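Asker: predicted model follows, preceded by the sequence.
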Amino acid sequence: MSRSARLAPVAALLSLALALTACDSGSGGGSGGDSARPGAPGVRDPYFPRAGNGGYDVSHYGLTLSYDPATTRLTGTAVITARATQALSAFDLDLAGLDVAGVTVEGRPARTSRDGQELTVRPQDELTAGETFEVTVRYSGRPRTLTDPDGSEEGWLPTAEGALALGEPTGSMAWFPGNHHPSDKATYDLAVTVPEGLTAVSNGELTERRESGGRTVFTWHTGEPMAGYLATLAIGRYRVSESTTEDGLPVYTAVDPEVDEASRDVLGRLPEVVDWATENFGPYPFSSTGAIVDRPGDAGYALETQNRPVFPGPPTVELLVHELAHQWYGDSVSPESWRDMWLNEGFATYAEWLWEEDHGGDDAEEIFTELYEHGRHGDEVFEDLWDFPPAEPPTASDISGEPVYQRGAMVLHRIRRTVGDDAFYDLVQGWAAEHRHGNAGTDDFTAYVEKAFPDEDFTSLWEDWLYGEGKPDRP
């Protein structure tokens with residue numbers, strides 16, 4: 001993610017957030033002999049405790065949608081395949097707004113109730129631990145635009161000719177029901193019907209486009225696991241370009257005509273950036289790449305939506321580097337919780353430093369020194385750089401704060417300085433490979449580094465730079 005503007009924080013005390021749920025997450029496995037009980041309405045994320053749900057793991061979402069920009073009405077059917085991790089008498093799905101017409105579990109009607117973002121489903125037959133089941137939700141309505149704790153907007157964003165769906169951190173629940181926490185990743189198939197003349201772009205690969213009664217159906221398939229916050233749907237009058245990299249990787253870009261010319265040069269370098277990132281971070285983790293470029297103002301930030309990042313207006317090369325680096329760090333290796341956000345943003349920010357170093361700009365040591373001594377990088381000044389440690393943002397409104405981005409990158413540079421260039425690149429490639437298409441947290445990362453370099457003592461680095469308050473002593 002790259003926030004284009006820092007917004008005033010909204011008061012969101014962690015203690016109040018944690019008080020919203022006190023029940024067991026229910027995410028642990030259970031034996032077949034366990035008594036059935038409801039899955040928890042949240043996974044106790046430290047900043048979004050009601051995000052996600054306990055008691056099951058989703059393996060696949062099948063979404064069939066229809067959207068009419070004239071009425072801003074969305075109609076959908078979600079078929080969710082999941083495995084019970086405990087014996088379940090009921091379970092929750094995250095869904096903000098929208099009207100639910102009916103829910104079935106294994107083809108049989110289920111009772112439901114609503115409590116804010118929680119859609120509670122009570123199947124006719126209890127689910128046993130380890131059982132794979134299918135739940136179908138039929139729903140409709142006008143999807144909501146949600147406001148993040150930091151004041152930025154996500155969820156369903158209407159545009160002049162269509163809409164843009166962005167999900168970080170919890171916005172995907174505005175347009176489809178699911179287990180919306182990054183710790184539960186799944187594959188996706190999405191078929192969306194829009195008025196003729198509009199294009200619908202999503203993650204993965206376009207498998208079918210067909211006309212039907214003055215409307216067009218676009219079908220997209222995402223075969224690699226994806227966290228719900230990385231799912232996107234962009235509907236508009238895009239100019240579409242399809243090509244391949246020299247290695248044969250499909251490239252699909254969709255650009256609003258108003259910014260097509262201004263975006264052309266930078267998007268033309270997308271294969272070059274992917275090749276550069278592959279050399280530095282290891283094999284590209286997905287089966288296609290690309291970008292979606294909307295008009296400025298359609299969103300307030302760029303986002304690393306899987307396979308093809310979203311940009312609000314023509315991107316710079318540095319921003320393209322940042323969002324494509326997320327395909328390794330954030331999309332393939334996703335955070336265990338939102339406390340681990342620095343593992344997304346620190347890596348993507350450091351990728352910008354490495355690109356600058358490799359393309360005639362300042363080297364990473366110069367960037368690090370300028371940040372440490374003056375709190376700036378080029379023309380950007382980061383007044384809140386030392387406000388909190390990157391691995392412990394104080395509230396939900398801080399998870400996209402500059403310490404997470406800039407100080408997170410500084411942590412990586414300190415590691416590089418300690419172990420040397422060759423060992424550092426082995427480290428970051430190994431990290432991406434070991435957790436490919438999975439999840440990892442800060443403890444996993446620090447343990448991985450220490451295991452790779454048993455003769456080095458990283459204690460002060462972790463204590464001062466990852467978790468320490470204020471500006472550390474000069475390294």
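Answerer: Structure's in. What do you need? Numbers count the residues shown, from 1 in each chain.

Asker: leaving out chain neighbours, which residue sits closest to residue 39?
Answerer: Leaving aside its chain neighbours, residue 39 sits nearest to residue 55 (2.4 Å; criterion: Cβ to Cβ, 6 or more residues apart in numbering). All C-beta spots, glycine's among them, are computed from the backbone N, C-alpha and C.

Asker: er, residue 191 I mean
Answerer: Using Cβ to Cβ, 6+ apart and skipping the chain neighbours, the partner closest in space to residue 191 is residue 219 (4.5 Å).

Asker: need the contact list for the one you found.
Answerer: Neighbour list for residue 219: 189, 190, 191, 206, 207, 208, 209 [criterion: Cβ atoms under 8 Å, 6 or more residues apart in numbering].

Asker: relative to residue 189, how far out is the fifth one?
Answerer: Remark: distance between residue 207 and residue 189 (Cβ to Cβ, to the nearest Å) = 8 Å.

Asker: now for the two: what residues contact both?
Answerer: Here residue 207 and residue 189 share the contacting residues 219, 220, 221, scored by Cβ under 8 Å, 6+ apart.

Asker: touching, the last one and residue 205? I think so.
Answerer: Just to be clear, that refers to residue 221. Yes: look at residue 221 against residue 205 with Cβ atoms under 8 Å: they come within range, at 5.6 Å.

Asker: please pick the buried ones from the contacts of residue 219.
Answerer: Buried members of these, counted by 16 or more other Cβ atoms under 10 Å: 189, 190, 191, 206.

Asker: restricted to strands, list those residues.
Answerer: The strands in this structure, assigned by DSSP state E, contain 189, 190, 191, 206 from those.

Asker: among those, which two are most distant?
Answerer: Taking Cβ to Cβ, the two most distant members of these are 189 and 206; they sit 11.8 Å apart.

Asker: need the ones in strands among the buried ones among the contacts of residue 219 in JSON lines (columns: pLDDT and distance to residue 298).
Answerer: Compiled in JSON lines, these are given as follows (pLDDT from 0 to 100; distance: Cβ to Cβ, whole Å):
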{"residue": "189", "pLDDT": "98", "distance to residue 298": "26"}
{"residue": "190", "pLDDT": "98", "distance to residue 298": "20"}
{"residue": "191", "pLDDT": "98", "distance to residue 298": "23"}
{"residue": "206", "pLDDT": "98", "distance to residue 298": "21"}
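
Asker: quick one, helices of the stretch 201-350 of the chain?
Answerer: Per DSSP state H, counting those that start in this stretch, the stretch 201-350 of the chain carries helices over the ranges 260-267, 270-281, 317-325, 341-358.

Asker: which parts of the second one are buried?
Answerer: Of all the residues in helix 270-281, those buried under the rule 16+ other Cβ under 10 Å are 270, 271, 273, 274, 276, 277, 278, 280, 281.

Asker: who does that helix touch, helix- and strand-wise?
Answerer: Of the remaining helices and strands, those touching helix 270-281 by 3 or more Cβ pairs under 8 Å, 6 or more residues apart in numbering; DSSP states H and E are strand 250-255, strand 289-294, helix 317-325, helix 341-358, helix 421-434.

Asker: with the longest one instead?
Answerer: Using 3+ Cβ pairs under 8 Å, 6+ apart as the contact criterion, the neighbours of helix 341-358 among helices and strands are helix 270-281, helix 317-325, strand 333-335, helix 364-374, helix 408-419, helix 442-452.

Asker: nearest to residue 115, out of the helices of the stretch 201-350 of the chain?
Answerer: helix 341-358 (27.3 Å).

Asker: what about residue 114, how many neighbours?
Answerer: Close neighbours of residue 114, defined as other Cβ atoms under 10 Å, add up to 12.

Asker: that one against residue 100, yeah?
Answerer: Yes: under the contact definition of Cβ under 8 Å, residue 114 touches residue 100, with a separation of 7.4 Å.

Asker: what do the two both touch?
Answerer: Joint contacts of residue 114 and residue 100 (Cβ under 8 Å, 6+ apart) do not exist.

Asker: after the helix or strand of the chain with the lowest mean pLDDT comes which helix or strand?
Answerer: None of the helices or strands of the chain scores lower by mean pLDDT, DSSP states H and E than helix 14-19, at a mean of 36. Beyond helix 14-19 in the direction of the C-terminus, DSSP states H and E gives the next helix or strand as strand 37-38.

Asker: partner strands of the helix or strand following that next one, with direction?
Answerer: Downstream of strand 37-38, the first helix or strand assigned by DSSP H and E is strand 56-68. Sheet pairing for strand 56-68, assigned by DSSP bridges, gives strand 73-84 (antiparallel), strand 186-195 (parallel).

Asker: what sits up against the shortest one?
Answerer: It refers to strand 186-195. Residues lying outside strand 186-195 but in contact with it, judged by Cβ under 8 Å, 6+ apart, are 58-70, 162, 200, 202-204, 208, 212, 214-226, 228, 231, 233, 235.

Asker: likewise the first one?
Answerer: In this structure, residues lying in contact with strand 73-84 by Cβ under 8 Å, 6+ apart are 55-67, 91, 93, 98, 127-143, 156, 175-179.

Asker: in it, what counts as buried?
Answerer: Along strand 73-84, these residues count as buried under the neighbour rule (16+ other Cβ under 10 Å): 74, 75, 76, 77, 78, 80, 82, 84.

Asker: let me see the mean pLDDT of that strand.
Answerer: Mean pLDDT, strand 73-84: 98.

Asker: out of the contacts of strand 73-84, which end up buried?
Answerer: 55-58, 61-67, 91, 93, 98, 127-129, 131, 133, 135-137, 139-141, 143, 156, 175-179.

Asker: which sections of the stretch 301-450 of the chain are below the confidence cut-off?
Answerer: Applying pLDDT under 70 to the stretch 301-450 of the chain flags no residue at all.

Asker: any idea whether residue 130 is helix, strand or coil?
Answerer: Reduced to three states with DSSP: H, G, I helix; E, B strand; the rest coil, the structure at residue 130 is coil.

Asker: from residue 58, how far off is it?
Answerer: Summarising the geometry, the distance separating residue 130 from residue 58, computed by Cβ to Cβ, is 15 Å.

Asker: what's the answer for residue 169, then?
Answerer: Per Cβ to Cβ, residue 169 is found 17 Å from residue 58.
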